[in-house]
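Participant: Build me a structure from this.
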Amino acid sequence: MCRCIISGVDNNDGKKRLLCLTDKKGETPLFRAVHYGRKEAFFYLHAVLSEVRTVGDFSFCRREDGQTILHDAIIRENFDLAFQIIHLYEGIINYVDKEKDSPLHALAKKSAAFRSGSTLRGRDKIVYNCVSVKELKQERPRTEMILKDEAGSNHPKKDPTFPKFTALTKLLYRNTVGFEHGKNELTEVDLENRSNIVQEQQCLFPASYTSRFGCFLRFLCITLLFASGYGPTSIKKIQKEKEKHLWASQVLSGLLKKANMYDKKRTSRGLKSELSEEAPQKEKIKETAILVAAKHGIVEIVEKILVDFSVAITDEDEDNRNILLVAVENRHLAVYKKLLKKYPRNNVVFQKVNKKGDTALHFAATYGDHVRPWPVPGAALQMQWEIKWHEFVENTMPVHILLRTNMEGKTSKEIFSITHKALVKAGGEWLTSMATSCSVVATLIATVAFASSTIP
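Facilitator: Numbers count the residues shown, from 1 in each chain. As a prediction, the model looks like this:
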């Protein structure tokens, strides 16, 4: 459809005007293609725009709220498309929207897109470690070849039926015999039928199983999984989740390679044109991506940023909270353990206080509606986990922090007693109701047992 509409326009100026048309939200056709995850349409529109747009012009990649196509692809978790956008439009990686959120900020809010946010347990975790997924690679847009063919090629088009049949035959042979056979035989077919067979080409187990013994082992594992109640649908679902985790990590690596968030000369390039004529205002401190990731418990982002930008450990929000305080306040054990492993206890990171003088131990003792609940049922179990959390943080803090008071003159234990009163009351009621329920069940069982044992 896009090709038919654009082919009706002869000159480049007309094509450019057509592709720069926007809807009520300011979204161009390219933005809409990304919004709905239409990769083929995106590649075609990109190929047309690459011929008519001027270098450095990214106006067609943004809408009125300042979000770019990269923002949108990440928000909608179209990571395969986001990966291609990073390589095709490197200039928009550091663009920010009107809320001053970069694409990295959008990714830092997607906890379910990473392994640390997964809820897989038991057998599902074993299957997760067994299945294999393919890494994303930069694709050559197939529509660029179509444009060349439309411009000066008169040779007859190939019949798509035979390549598809050949692809299916080779796919069955490859998955049955092993990875070592026909490894590169689908190259030409991939160029012409990439969108149709890319999902079918994914194999369930790592490519290291290339021997005959590996083929037998793979068959044995599949048989055991089926015998334990796992069908193709269940395995495919877990494989899809692992694929999302891998692709999100690749997008993260691509963003950090071009990130300039710790450049002293950095300006908000994404909003430069909109804000250049406005009067200077007092800028509100914006949470950096690593603080957002710590808030959502994404260990992968925190670890990767600290490796690439060690200065990120000094980042603070408006309340002067650093990564450690944010992680402790939101009960993210994995992030806290990562910081414990990376920095010694006497490091300044563990001695940081906010504007009110609260230490990490004060944040561990604070409980309220803003605190993320623990993944356990019942108020009594919540209280138990809160006690364990406070004790764990207390045992990992420097000694001189333990009795330190905040600006209100309160220690962490005093704050713990005050903020947990409601939870203690709820926990007592929960235990009472559970005891009552158990008493009723015990009475019924005793009655039935007595009646059945009575001699007539």
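Participant: Residue 393 - nearest residue in space that isn't next to it in sequence?
Facilitator: Residue nearest to residue 393 in three dimensions, not counting chain neighbours: residue 364, with 4.0 Å by Cβ to Cβ, 6 or more residues apart in numbering. Quick note: C-beta positions are derived from backbone N, CA and C, even for glycine.
Participant: just checking, the one you found is part of a helix?
Facilitator: Yes: counting by DSSP: H, G, I helix; E, B strand; the rest coil, residue 364 is located in a helix.
Participant: which ones are touching it?
Facilitator: With contact set as Cβ atoms under 8 Å, 6 or more residues apart in numbering, residue 364 has these partners: 328, 389-390, 393-394, 412.
Participant: quick one: it and residue 422, what's the gap?
Facilitator: 18 Å (Cβ to Cβ, to the nearest Å).
Participant: The stretch 201-350 of the chain: helices as residue ranges?
Facilitator: 212-227, 232-257, 272-275, 289-296, 299-308, 323-329, 333-342 (DSSP state H, counting those that start in this stretch).
Participant: how much space is there between residue 317 and residue 408?
Facilitator: Separation of residue 317 from residue 408 (Cβ to Cβ) stands at 21 Å.
Participant: the more surrounded of those two?
Facilitator: Under the criterion of other Cβ atoms under 10 Å, the comparison of residue 317 against residue 408 puts residue 317 first, with 18 against 11.
Participant: Look at the residue nearest to the more buried one when sequence neighbours are not counted and report its pLDDT.
Facilitator: With Cβ to Cβ, 6+ apart as the criterion, residue 317 has its nearest non-adjacent residue at 5.1 Å, and that residue is residue 287. Residue-level confidence at residue 287 comes out at 89, pLDDT.
Participant: what does residue 139 give?
Facilitator: Predicted confidence (pLDDT) at residue 139: the value is 83.
Participant: Setting aside sequence neighbours, what's the nearest residue to it?
Facilitator: In this structure, residue 139 finds its nearest non-sequential neighbour in residue 84, 6.0 Å apart by Cβ to Cβ, 6+ apart.
Participant: mind listing what residue 85 touches?
Facilitator: 34, 69-70, 73, 92.
Participant: host element of it?
Facilitator: Element membership for residue 85 (DSSP states H and E) is helix 79-88.
Participant: relative to helix 232-257, how tilted is that helix?
Facilitator: 20 degrees (axes from the mean of the first three to the mean of the last three Cα atoms, to 10 degrees).
Participant: then helix 79-88 to CSV, C-alphas only?
Facilitator: Provided in CSV are the C-alpha atoms of helix 79-88 (Å, rounded to 0.1, in the frame of the first residue of the first chain):
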residue,chain,number,x,y,z
PHE,A,79,13.1,-4.4,20.5
ASP,A,80,13.9,-5.9,17.2
LEU,A,81,12.7,-2.7,15.5
ALA,A,82,14.4,-0.5,18.1
PHE,A,83,17.7,-2.3,17.4
GLN,A,84,17.4,-1.5,13.7
ILE,A,85,16.5,2.2,14.5
ILE,A,86,19.6,2.5,16.6
HIS,A,87,21.8,1.6,13.7
LEU,A,88,19.9,3.6,11.0
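Participant: pLDDT on that helix, on average?
Facilitator: If you average the pLDDT over helix 79-88, you get 94.
Participant: repeat for stretch 359-369
Facilitator: 92.
Participant: what's the offset of that stretch from the middle of its chain?
Facilitator: Chain-centre distance of stretch 359-369: 27 Å, with Cα atoms, centre = their mean, to the nearest Å.
Participant: buried set for that stretch?
Facilitator: Judged by neighbour count (16 or more other Cβ atoms under 10 Å), stretch 359-369 contains these buried residues: 359-367.
Participant: likewise stretch 313-326?
Facilitator: Using 16+ other Cβ under 10 Å as the test for burial, stretch 313-326 gives 313, 315-317, 321-326.
Participant: Convert the C-alpha atoms of that stretch to CSV, please.
Facilitator: Extracted as CSV, the C-alpha positions of stretch 313-326 are listed here (Å, rounded to 0.1, in the frame of the first residue of the first chain):
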residue,chain,number,x,y,z
ILE,A,313,27.6,6.1,41.0
THR,A,314,27.5,9.8,42.1
ASP,A,315,24.1,10.5,40.5
GLU,A,316,21.5,11.9,42.8
ASP,A,317,17.8,12.9,42.5
GLU,A,318,16.1,16.0,43.9
ASP,A,319,16.1,14.6,47.4
ASN,A,320,19.8,13.9,47.2
ARG,A,321,19.2,10.1,47.1
ASN,A,322,21.8,8.0,45.3
ILE,A,323,21.5,4.6,43.7
LEU,A,324,21.9,2.8,47.0
LEU,A,325,19.2,4.8,48.8
VAL,A,326,16.8,4.3,45.9
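Participant: what about that stretch, distance to the chain center?
Facilitator: What separates the centre of stretch 313-326 from the centre of its chain is 22 Å, taken as Cα atoms, centre = their mean.
Participant: try stretch 107-120
Facilitator: Per Cα atoms, centre = their mean, the displacement of stretch 107-120 from the mean C-alpha position of its chain is 5 Å.
Participant: got the contact list for it?
Facilitator: Stretch 107-120 is contacted from outside by 74, 77, 79, 128, 238, 241, 244-245, 248-249, 251-252, 255, 289-290, 292-293, 296-301, 334, using Cβ under 8 Å, 6+ apart.
Participant: could you dump the buried residues of stretch 313-326 to JSON lines with pLDDT and distance to residue 431?
Facilitator: Below are the buried residues of stretch 313-326 laid out as JSON lines (pLDDT from 0 to 100; distance: Cβ to Cβ, whole Å):
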{"residue": "313", "pLDDT": "93", "distance to residue 431": "42"}
{"residue": "315", "pLDDT": "93", "distance to residue 431": "42"}
{"residue": "316", "pLDDT": "92", "distance to residue 431": "41"}
{"residue": "317", "pLDDT": "91", "distance to residue 431": "38"}
{"residue": "321", "pLDDT": "93", "distance to residue 431": "35"}
{"residue": "322", "pLDDT": "94", "distance to residue 431": "38"}
{"residue": "323", "pLDDT": "95", "distance to residue 431": "37"}
{"residue": "324", "pLDDT": "95", "distance to residue 431": "34"}
{"residue": "325", "pLDDT": "95", "distance to residue 431": "33"}
{"residue": "326", "pLDDT": "95", "distance to residue 431": "33"}
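Participant: now, among those residues, which is nearest to residue 45?
Facilitator: Distances from residue 45 to these, taken as Cβ to Cβ, are shortest for residue 315 (37.5 Å).
Participant: I'd like to know how far that closest one sits from residue 397.
Facilitator: Counting by Cβ to Cβ, the gap from residue 315 to residue 397 is 21 Å.
Participant: Likewise for residue 257?
Facilitator: From residue 257 across to residue 397, the span is 36 Å (Cβ to Cβ).
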